Each structure stands twice: as C-alpha cells, then as structure tokens.
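**Student:** Sequence and predicted structure, then a few things I'm wondering about:
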Amino acid sequence: MVTIQEAFSILNNNLPAPKVEILPLAKAKKHVLAEDLFAPISMPPFRQSAMDGFAFGLYDGLEYEIIGEVKAGDNHQVVLNAGQAVKIFTGAPVPDSATAVMQIEKVTVSGTVLKLAELPKQEQNIRPVGEQNLKGDLALTKGTLLNAACIGFLAGLGFTVVKVYQKPKIGILVTGNELVQPGLPLDFGKIYESNSVMLDIALQEAFYENTSIYNVNDDFENTKNKIAEALAENDVILISGGISVGDYDFVAKALEVLQVETLFYKVKQKPGKPFYVGKLNDKRIFALPGNPAASLTCFYVYVLPTLQIISGVNTDYGLTSSKKLTHDFTVSNARNQFLKAHIVGDKVTILTHQNSSMLNTFSISNGLVYVEDGGYLLAKGDAVEVYVIN
C-alpha cells in the first residue's frame, strides 16, 4: 500500500512521452499547441474602416463631394482629392488617400454633397495595418490550450492545420456478472451498470472523446482476452471493478499474465483504497474500485491529471484550492479522506452520504475536500484543501 503522495510521485515518474499530431484547425478544440505559431500576415492586412460612414481626403472645409463607395471585400483603390469622400462600410479597405472616417450618424447627405458639423481627427475610425498583430509576430505560444477564441484567431490569420499534442485513446472495461444494462429487467441479485457511462461522460466533460467500452464477464479467459483487446486498441485503459482478491476477481491475474508491470496497488485513502496502476510499454492501465463514488474519486484525483499531462496540459497532481468551511466537521478516520462537497465562491460545504457506493451526493458536488487521517475537529471558517472537479 502506498500513500497518496507516493502514488502521485510514482505516476509522475512513469508518464509516457506526449505524442504530437497535426489536426485540421476545426478539429483541434481543447488540444494543446505543440509549437509556437507565428503570424503569416498582418492583421488587419490593410487599413480598415471601423465604422459605417464616409472616408475623406481632409481639407479645411466642412463640405465634401461624394464620388463613390467602398464595401467590405472590395479590392479596388479609390483616389481621393482634398474635398472628396466615399461612402464606406465597416471592415472595408480605407483608400490610401483617405485620412479619416466619420460615422454615418454624424454627417448630413444631400445628393452627392456631404456636410460635416466638425472636422474629424487624423486617422479617426481607421484600423491601421497590423493593429492586432504584424506579420511574423508570435501569435500563440506552445502549450496554449485551444479554445474557441484561439481557433477563431488562428483562422483569421489563415491557418488551416495545427500541430498539437495527441489526446490518448481510452478504453473503459467494466467487470461483473451482477451487472445489467439499464432498460433491461432487473432480476434479484443484479444491479444496473452505471460506471461505464459515468466514466465516459466524465471523460467527455474533460474533452476526451475517443473512447471505447468493453464489457467483461467474471471469467479469467474472458477477462484476459478483453484486456488484451483493449490494450491493443487504446493508449489508456480504465478498468472498473475486479481488481480485488475475491474468488471471481480476475483482473490482477489477467494483468500479470499479460505482463503488465504493477506501479502500485492500494492507496492509503478513503474512498478508493483498492486502486491499481500499471504500465505496458507506453500504455497505462488504471484499475478503479467497483464502487461508483470511489471510482469517480480516483478518476478525478489520479486519472484525469494523468490524461491532461500526457496531452500537454500544464498541470500537476494534487493541485487544490483553499476554501473555508461553512460548518463544523469532525474527522475520525484511519486513512486520509476525500469528502464530496459543494463549493460556492470561497466557501465549501461537506455533504452527507459519503459512502463509496453512493453517487447521489456526488451528483450535487463540485469538489472534494481532502482531510488528513486522525481524530480532530474542523471548525466553521477553517481553511481546507479542495479538489475542484467541475
């Protein structure tokens, strides 16, 4: 059995090297850039109107002759002499001979004659070339997590593909003869299987969507063959249940036969003590407890940080926030504990129903309060360590 900190250290020392791939820009959401990107063009690439209005070749008078118009997307150049103007629209190229743009609400038009109440300032309402960035500027740095704004920015610079860190393909194996798929009749002694969909959704919420689910019978050959199949098809495997030492728990034996190296088995914590991590070359195997709340706790504390790190995210194990308790709480436990909790701002409330088999409390929690083992009182207002989970 290892401590929580020892588990973190072992995981950190056995991380597979991140892989890099090139993706179409539109498919790169929530991926991490694997290289610095430099702007191939200035943005805007031409002097651009910031308003619907009129562009002027300025002189001292307040009356101008309108000689045409320039729309967004036009590529002809209009030459304005002093006292001349063109109607112009937001985003349209401003003629090189224009020295200002006045918004349409501040002018009076009569036929081809334009009158101003006052002269605009030089370059007023004109976006200069390279206002956002110049050609060759650093656009986004290596390690940037690509969100909608990043992708829109890169598309505006003309990028169509990006080099990113590859997200792992993940297999979810669910063991247990007692499990029945929701929607089917529930015979005596059976329970509905929920861990696969729970873990799959947790992965999707973290933007890990390349997943496969495998159902395993409590039979050694079937367990071994399904794990072998999952290892061949995935980078990371999450196994739900079957890791203990009961007569019908075959996961540990199957992993041994498949020559998976054990990194650790059992962690001094509650819930989630029967938690296993192993590796086979660059594959990683996490055998999670069968109890749903324990399984989800181990996912958020150990599995998700691992997935993020090997996907290029700048994070680490054991990252917590300090929050203040809204109530007194008595700790009485022989193991360090992760307690389901609800966070509002800088306050946190430890919830009831902490049993490892219960998901009802987990469904309304958005954090895990970490408490050291022992017997002591946490008072209202005390600062506690919290894992923010969604």
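**Tutor:** On my side now, so go ahead.
**Student:** From G171, how far off is P24?
**Tutor:** 25 Å (C-beta to C-beta, to the nearest Å). No exception for glycine: its C-beta is placed from N, CA and C like everyone else's.
**Student:** Between these two, which has more neighbouring residues?
**Tutor:** Taking other C-beta atoms under 10 Å, P24 and G171 do not tie; G171 has more neighbours (25 against 10).
**Student:** Quote the end-to-end distance of stretch 102-114.
**Tutor:** Using C-alpha to C-alpha, to the nearest Å, the end-to-end distance of stretch 102-114 comes to 11 Å.
**Student:** Then stretch 88-98?
**Tutor:** First-to-last residue span, stretch 88-98, C-alpha to C-alpha: 11 Å.
**Student:** Kindly report the same for stretch 12-30.
**Tutor:** 22 Å.
**Student:** Now do the buried residues in it.
**Tutor:** Within stretch 12-30, the residues that qualify as buried are P16, P18, K19, L23, L25, A28, K30, counting by 16 or more other C-beta atoms under 10 Å.
**Student:** try stretch 60-69
**Tutor:** So for stretch 60-69, counting by 16+ other C-beta under 10 Å, buried means Y64, I66.
**Student:** what do you get for stretch 39-49?
**Tutor:** Buried residues in stretch 39-49 (16+ other C-beta under 10 Å): A39, S42, M43, P44, R47, Q48, S49.
**Student:** Need the max-distance pair from the buried residues of stretch 12-30.
**Tutor:** The distance between the two most remote of those (C-beta to C-beta) is 26.3 Å, for P16 and L25.
**Student:** mean confidence for stretch 94-109?
**Tutor:** Averaged across stretch 94-109, pLDDT comes to 95.
**Student:** Also stretch 71-81?
**Tutor:** 92.
**Student:** Stretch 143-150 now?
**Tutor:** Per-residue scores along stretch 143-150 average to 97.
**Student:** for stretch 219-230, same thing?
**Tutor:** 93.
**Student:** Flag every buried residue along it.
**Tutor:** Those would be T223, K224, K226, I227, A230, for stretch 219-230 by 16+ other C-beta under 10 Å.
**Student:** now the residues you listed as a markdown table including distance to T326 and secondary structure?
**Tutor:** Shown next, in a markdown table, are those (distance: C-beta to C-beta, whole Å; DSSP: H, G, I helix; E, B strand; the rest coil):
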| residue | distance to T326 | secondary structure |
| --- | --- | --- |
| T223 | 45 | helix |
| K224 | 49 | helix |
| K226 | 45 | helix |
| I227 | 44 | helix |
| A230 | 43 | helix |
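**Student:** Rebuild those as TSV, extending it with distance to V344.
**Tutor:** Compiled in TSV, the buried residues of stretch 219-230 are given as follows (distance: C-beta to C-beta, whole Å):
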residue	distance to V344
T223	44
K224	47
K226	43
I227	42
A230	40
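**Student:** Out of these, which is nearest to V109?
**Tutor:** Looking across the buried residues of stretch 219-230 and measuring by C-beta to C-beta, the closest to V109 is A230, at 71.5 Å.
**Student:** who's in contact with the closest one?
**Tutor:** A230 is in contact with G171, L173, S212, Y214, I237, counting by C-beta atoms under 8 Å, 6 or more residues apart in numbering.
**Student:** From L359, how far out is it?
**Tutor:** 24 Å.
**Student:** quick one: the helices in the protein?
**Tutor:** Here the chain has its helices, by DSSP state H, at 4-12, 148-156, 195-205, 220-233, 251-257, 292-298, 304-310.
**Student:** Deepest in the core, which of those helices is it.
**Tutor:** Greatest average neighbour count among those goes to helix 292-298 (a mean of 25), per mean count of other C-beta atoms under 10 Å.
**Student:** I'd like the distance between the closest residue to H342 other than its chain neighbours and S42.
**Tutor:** Excluding the flanking residues, the one nearest H342 by C-beta to C-beta, 6 or more residues apart in numbering is T349, at 5.0 Å. Separation of T349 from S42 (C-beta to C-beta) stands at 52 Å.
**Student:** okay, and for the stretch 201-350 of the chain, where does confidence drop off?
**Tutor:** 242, 244-248 (pLDDT under 70).
**Student:** Now for E21: which residues touch it?
**Tutor:** Per C-beta under 8 Å, 6+ apart, neighbours of E21: K163, V164, Y165, Q166.
**Student:** Now list the buried members of those residues.
**Tutor:** V164, Y165, Q166.
**Student:** Just name the closest of these to L377, please.
**Tutor:** Using C-beta to C-beta, the buried ones among the contacts of E21 come closest to L377 at Y165, 45.0 Å.
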